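[1] coords below, sequence missing:
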Ligand code: G1P
């Protein structure tokens, strides 16, 4: 039912300079796999085959990554190195990739709206590749969210409890518990990056969303918010006021690979897990 996944990938990744001077931050690897490939594999594991990527200037390496590389493939054919290409080969043969460019950096809401041309009028998933999720052996986080979507047919955000002093790094929600067994809340309020004093709770949105397509019109009418940017959190609040947003406390582990600490933590975690 959810057939497309949108990847906003136009940001500069300034926290990782100089690494991100000529390399998209989404291409930074955790071990040998670029962050965005983890995201694409998570979507693919959830049954999604259409990947829609919002890029920007200097992001061409992403397109090259999700394409054949005949010379290289020919070179390693029959060698022990060939196995290293199994996963990427599998996603590029089973999924399609389309791209559009966000020409100005006007926030996550604006990036999602830029992707409308690739999504059309249907519910869709959003993955922010710098939030890397590991499902710890069960269904992927996105798959878990699709299961919730199938039950409630409205927008879904993934949430996690964070230390109260970090609320200014996330969209934060308040809501009423819907179902104790699967950790779902009907969202009543959401605030983008509030000071701890103003935060309604410590339940933070992480970079996984299922959005219904009416979000596009709402974003079009959303004024710039925190940081002068068009925030998806503000647009979602409009849906939440109608009772149409559910927050889901997911089962799994998530790393903030947009920060150096989270990136190192993820690297150590996947190394210890023996993912490579
Ligand atoms: C974005 C969203 C924020 C959300 C976060 C998850 O912020 O604006 O609401 O909590 O992603 O990673 P960013 O990390 O792009 O500053």
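    In hand now; what should we look at? Worth saying up front: this structure is predicted, and the values here are computed from it rather than measured.

[2] now residue 67: how far from the ligand?
    Going from residue 67 to the ligand by CB to the nearest ligand atom, to the nearest Å gives 27 Å. C-beta coordinates here come from the backbone N, C-alpha and C atoms, glycine included.

[3] can you tell me the helix or strand for that residue?
    According to DSSP states H and E, residue 67 maps onto no helix or strand at all.

[4] Look up how far residue 109 lies from whichever residue of the stretch 51-200 of the chain sits closest to the ligand.
    The ligand sits closest to residue 171 of the stretch 51-200 of the chain, with a gap of 2.6 Å, by CB to the nearest ligand atom. From residue 171 over to residue 109 the distance is 11 Å, taken as CB to CB, to the nearest Å.

[5] the strands in this protein, which residues?
    For the chain, the strands defined by DSSP state E occupy 4-8, 29-30, 33-34, 50-55, 96-101, 124-127, 131-134, 155-161, 171-179, 184-192, 203-211, 245-249, 253-256.

[6] In contact with residue 16, which residues?
    The contact partners of residue 16, by CB atoms under 8 Å, 6 or more residues apart in numbering, come to 25, 28, 260, 263.

[7] quick one: the last one and residue 255 touch, right?
    In this case it means residue 263. Yes. The criterion here is CB atoms under 8 Å, and residue 263 meets it with residue 255 at 7.5 Å.

[8] Comparing these two, which residue is more hemmed in?
    It is residue 255, of residue 263 and residue 255, that has more neighbours when counted by other CB atoms under 10 Å, with 25 against 21.

[9] mind listing the helices for the stretch 1-150 of the chain?
    Counting by DSSP state H, counting those that start in this stretch, the stretch 1-150 of the chain has helices at residues 35-45, 60-65, 70-76, 86-94, 108-114, 116-119, 141-152.

[10] Show me which residues of the fourth one are buried.
    In this case it means helix 86-94. Residues 87, 88, 91, 92 are the ones in helix 86-94 that count as buried (16 or more other CB atoms under 10 Å).

[11] quick check: angle from that helix to strand 50-55?
    110 degrees (axes from the mean of the first three to the mean of the last three CA atoms, to 10 degrees).

[12] can you list contacts of helix 86-94?
    Contacts with helix 86-94, where a contact means CB under 8 Å, 6+ apart, come from 33, 37, 40, 41, 44, 49, 65, 66, 67, 68.

[13] quick one: which of these is most hemmed in?
    For those, the largest neighbour count, defined by other CB under 10 Å, is 26 neighbours, found at residue 40.

[14] confidence score at that one?
    Per-residue pLDDT puts residue 40 at 97.
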